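Novice: no sequence for this one, just the structure:
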């Protein structure tokens with residue numbers, strides 16, 4: 001089980017690296033006016049999202065494996081699973097935003113993306129506290 005935990009932590013950490021960086025690319029993309037820079041950022045966003053998605057799947061798979069191994073008990077775990085669902089939604093919404101940029105349909109400014117970029121930070125704080133402290 002310790003190997004499963006280690007792999008889960010590795011893939012969660014890797015997935016979060018992408019969740020932190022992709023919206024930061026959106027901030028920069030929302031600020032540019034020239035087509036060449038916008039095209040370069042779109043390519044970077046696409047490659048990062050394409051790399052992040054298998055990391056997310058692996059993080060979820062090892063988490064599910066751990067869940068099946070340890071069982072489903074404790075209110076903290078219910079709360080953590082809700083956070084995981086929010087993270088999946090955030091990841092998928094990033095894919096929608098990526099597509100909006102690609103199609104030239106972005107309607108949000110860089111300030112909105114700066115705030116959007118803070119969501120995974122808050123979710124990570126909450127998830128780590130739930131897992132380590134197990135407050136309920």
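Specialist: Perfect, I can see it now. This is a predicted model, so every value here is computed, not measured.

Novice: in what helix or strand does residue 68 lie?
Specialist: helix 35-70 (DSSP states H and E).

Novice: give me the distance between residue 116 and residue 23.
Specialist: 5 Å (Cβ to Cβ, to the nearest Å). In short, each C-beta sits where N, CA and C put it, glycine included.

Novice: more neighbours: those two, which one.
Specialist: Using other Cβ atoms under 10 Å, the more surrounded residue of residue 116 and residue 23 is residue 23, with 22 against 17.

Novice: give the closest residue to the more buried one in space, chain neighbours not counted.
Specialist: residue 117 (3.9 Å; Cβ to Cβ, 6 or more residues apart in numbering).

Novice: any idea which residue sits dead centre in this protein?
Specialist: Closest to where the C-alpha atoms of the chain average out (Cα atoms, centre = their mean) is residue 19, at 3.6 Å.

Novice: just the element for the closest residue to that residue other than its chain neighbours, please.
Specialist: Of all residues not flanking residue 19 in the chain, residue 120 sits nearest, at 4.2 Å (Cβ to Cβ, 6+ apart). In the assignment (DSSP H and E), residue 120 maps to helix 119-133.

Novice: by contact count, what packs against that helix?
Specialist: helix 2-31, helix 75-102 (3 or more Cβ pairs under 8 Å, 6 or more residues apart in numbering; DSSP states H and E).

Novice: and the residue of the chain positioned farthest from its centre, how far is that from residue 40?
Specialist: Centroid-distance maximum for the chain: residue 34 at 28.1 Å, with Cα atoms, centre = their mean. Per Cβ to Cβ, residue 34 is found 10 Å from residue 40.

Novice: residue 103 now?
Specialist: 17 Å.

Novice: which one's more surrounded, these two?
Specialist: The neighbour comparison of residue 103 against residue 40 (other Cβ under 10 Å) goes to residue 40, with 14 against 9.

Novice: tell me, what's the model's pLDDT at the more buried one?
Specialist: In this model, residue 40 is scored at 98, pLDDT.
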